Each structure stands twice: as structure tokens, then as C-alpha cells.
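# structure, please.
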Amino acid sequence: MRATIIGAGVAGLACAVELAERGASVQVFERHEGFDKAGCSWFAGGMLAPWCERVSSPPHIVALGDEGFAWWAERYPAMVRRGTLVLAHARDVGELKHFARRTENYAWLDADGIAALEPDLAGRFEHGLFFKDEAHIDPRAALHALAERLRGLGGTIHFSTEAPRDTSGEGQCTIDCTGLAARTVLTDLRGVKGEMLHLQASDLALTRTIRVLHPRTPVYVVPRDNGRYMIGATMIESDQASRISARSMLELLGAAYALHPAFGEAEILEIGTGVRPAFPDNLPRLTRRNGTLYVNGLFRHGFLAAPALARRAAAFVLEGREAPEVMH
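Modelled structure (predicted):
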């Protein structure tokens, strides 16, 4: 089987690696010049948090995400599986209770339990939820790791290159993973803009994803290497990947500072925005149109759901097996 993958975001690379591992000859075509220009994957949080996402998603997302842990651990050993800590300030403790009612697979923590997990947060929060089985990855490092794995399997990636127009024929398949660019075919796609910051806070040592609940501006803080943190992310119904708004900047920085004052002394390393593709139900789909399989609509679940979708896409094109729960 010769496979043409269009798009080098996490969905495209996951499909490419999965197919190459099953013996397909794979070429990836990306019209942009590099991963940093290829779409919203570059600006993702990289949280593998199916039970936290369950709060605003159906059980289907938990199943897809849970399936991905072993996949990522094998292909990106730097995955950090230290769980997710969900907190709320005293005035917002009702948000924490509401969050707990809508999900599962967590433990309640008191102030001592929070301090035991994250000593730098000692004395700052009275209650929290700990999702011990969740994880996070560095999206940018993960994209490069998938690309290297693909090349090691004989696959190729062509940047600044449009995909060939005709890849149909015996023993060939095309998988389109271009997000909003596929809207001419998948007409019910919409864009959901996310904004994020990268901060350098070397005096702070957080070791896992922290989510801070708030009725208007919930925020998550994801640790990277060497004292760097990703702060995100807003969700704005917009197709435009314009620069971050002043209000969003203030809200993200304010939420980080309220989590810990050390963020007030942090250096802002990067400000970024990305537009996530989403269907009306915010669930991903595999859709076959005119000989092309479209993997799209990953919304805010890109790194979480991509492995499971890639496995289903590979099973479909190589074995003819459909997965009704994601096939439309």
C-alpha cells in the first residue's frame, strides 16, 4: 500500500506512523515550511487528560484518549504520566464540586495532599482533585519524534509542497488531515481559536499539569523542561488565528499569578494562537469522500485522540474495517 498523507500536524503524523508501522509506503505533504507553521498542533498544550475532558465531552472521548497512553509511551518515551491536579480558589470551590460531579477516576485532596504532590503550592489551596492516570507531553518535541520515527520506517515528509492531485488507484490511499483547510469538502467544520503563553519561571517547580477552575476564565499550566511553562488556553469561536487579545493576555497572566506569585516575575518567552477544527458536536470524525479519507474535527483533543483515530484510519485503509463510533 502506498499512502499519501496531507497535513503534518499531530493527526497527519500519527496516521503516517501507524501506516508505516503496518508496512505501508508513506509520504506526508505539508504546504507550510515547517511544523511551526503547519497548524494548531504547534501551539497545543499536549495534555493527555481524558477524564478532565470528560467534564465537557461524552464518554467516547475518554475511550479514545485512554487508548492513546500506551501508543504515546512507545513512540514518545518522554511522556510524563504524573497525573493532573485540578484546583480552585476558595471563592470558586463550587466550580470544583461541579467539575467532580461530571467526571470520574479522581481522588479528593486536602491541603496536605496538595502540598505532598506539589510542594510549591503548599498552603495555597484547601481542596483539589487528583487524576492520577493522566499525562502530558511536549507537543513540539512529540511532533519531531513522530517525524523521526516515520523517517526511520522509510517514510518521507515534504514541506512547502502541495500534495499530488491524483493519488487514486490500486494499492494507493489518501488521508487528508488538514484541519480547517478541508472545509471546502467538510462544510460543517468551524474554527475554535486558542491562545497561549510560554513563560520562564525558574524559581517555580511544578511537576504535572495544573488546572485552575474559574467560572469565567479557567486556565491550565503545563510544565516543560528547564523551568518553562505553557499557560493556556482560551476558547474563542473564531476562524482567525490573529494575535492574542489584550484581555486574554491579562486573564491568562492573572490566573497564573493567582496560582503562584512566582509567575509575576516570569519572563514571557512566547505568545501564540492556533485555530482548532471542530464539528458541531465537537467530536472527531473519519469521513470518506471521493476516494479520500478525512481525519478531522479533533477540536481541543488533538494529541489525546490522534493515536486512536490513526489506528482506526489504518484499519480502514489496510483492512477495510470501519469503526462506527468515529466513522461518518
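
# every contact and neighbour count from this point should use C-alpha atoms.
Will do.

# what's the neighbour count on residue 91?
Residues lying near residue 91 (other CA atoms under 10 Å) number 8.

# show me the residues around it that make contact.
Residue 91 sits next to no residue when contact means CA atoms under 8 Å, 6 or more residues apart in numbering.

# what separation do you get for it and residue 118?
21 Å (CA to CA, to the nearest Å).

# need the strands for the stretch 51-200 of the chain, in chain order.
84-88, 107-110, 127-131, 135-136, 156-159, 172-176, 190-200 (DSSP state E, counting those that start in this stretch).

# just these: most buried one?
strand 84-88 (a mean of 25; mean count of other CA atoms under 10 Å).

# state the mean pLDDT of it.
Strand 84-88 shows a mean pLDDT of 98.

# equivalent analysis for stretch 210-225, please.
So the average pLDDT for stretch 210-225 ends up being 92.

# show me what counts as buried in it.
210-214, 218-224 (16 or more other CA atoms under 10 Å).

# quick one: contacts of it?
45, 47, 84-89, 92, 95-96, 136, 138, 206-209, 229-234, 251-252, 255-256, 259.

# pull out the buried residues from the residues you listed.
Of these, these count as buried by 16+ other CA under 10 Å: 45, 47, 84-89, 95-96, 136, 138, 206-209, 229-234, 251-252, 255-256, 259.

# what does the domain assignment say about the chain?
Listed domain ranges for the chain are 2-70+137-187+279-319, 84-132+190-278 (source: automatic domain parsing).

# three-state assignment of the residue nearest to residue 9 when sequence neighbours are not counted?
Using CA to CA, 6 or more residues apart in numbering and skipping the chain neighbours, the partner closest in space to residue 9 is residue 41 (5.6 Å). Under DSSP: H, G, I helix; E, B strand; the rest coil, the three-state class of residue 41 is helix.

# ok, now how distant is residue 41 from residue 157?
In terms of CA to CA, residue 41 sits 16 Å off from residue 157.

# rewinding a little: so which of the buried ones among the contacts of stretch 210-225 sit within helices?
Members of the buried ones among the contacts of stretch 210-225 lying in helices (criterion: DSSP state H): 95-96, 251-252, 255-256, 259.

# out of those residues, which comes closest to residue 31?
residue 252 (31.9 Å; CA to CA).

# ok, which stretches of the stretch 151-300 of the chain are helices?
Assigned helices in the stretch 151-300 of the chain, in chain order: 246-259 (criterion: DSSP state H, counting those that start in this stretch).

# where are the low-confidence patches of the stretch 151-300 of the chain?
For the stretch 151-300 of the chain, applying pLDDT under 70 flags the ranges 166-169.

# buried residues in stretch 274-291?
274-279, 282-287.

# list the contacts of it.
Taking CA under 8 Å, 6+ apart as the rule, stretch 274-291 contacts 39-41, 43, 61, 168, 173-174, 179-180, 188-195, 238-241, 293-300, 309, 313, 326-328.

# can I get the buried residues of stretch 274-291 in JSON lines with distance to residue 20?
Formatted as JSON lines, these follow (distance: CA to CA, whole Å):
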{"residue": "274", "distance to residue 20": "28"}
{"residue": "275", "distance to residue 20": "28"}
{"residue": "276", "distance to residue 20": "26"}
{"residue": "277", "distance to residue 20": "25"}
{"residue": "278", "distance to residue 20": "27"}
{"residue": "279", "distance to residue 20": "28"}
{"residue": "282", "distance to residue 20": "29"}
{"residue": "283", "distance to residue 20": "26"}
{"residue": "284", "distance to residue 20": "22"}
{"residue": "285", "distance to residue 20": "22"}
{"residue": "286", "distance to residue 20": "19"}
{"residue": "287", "distance to residue 20": "21"}
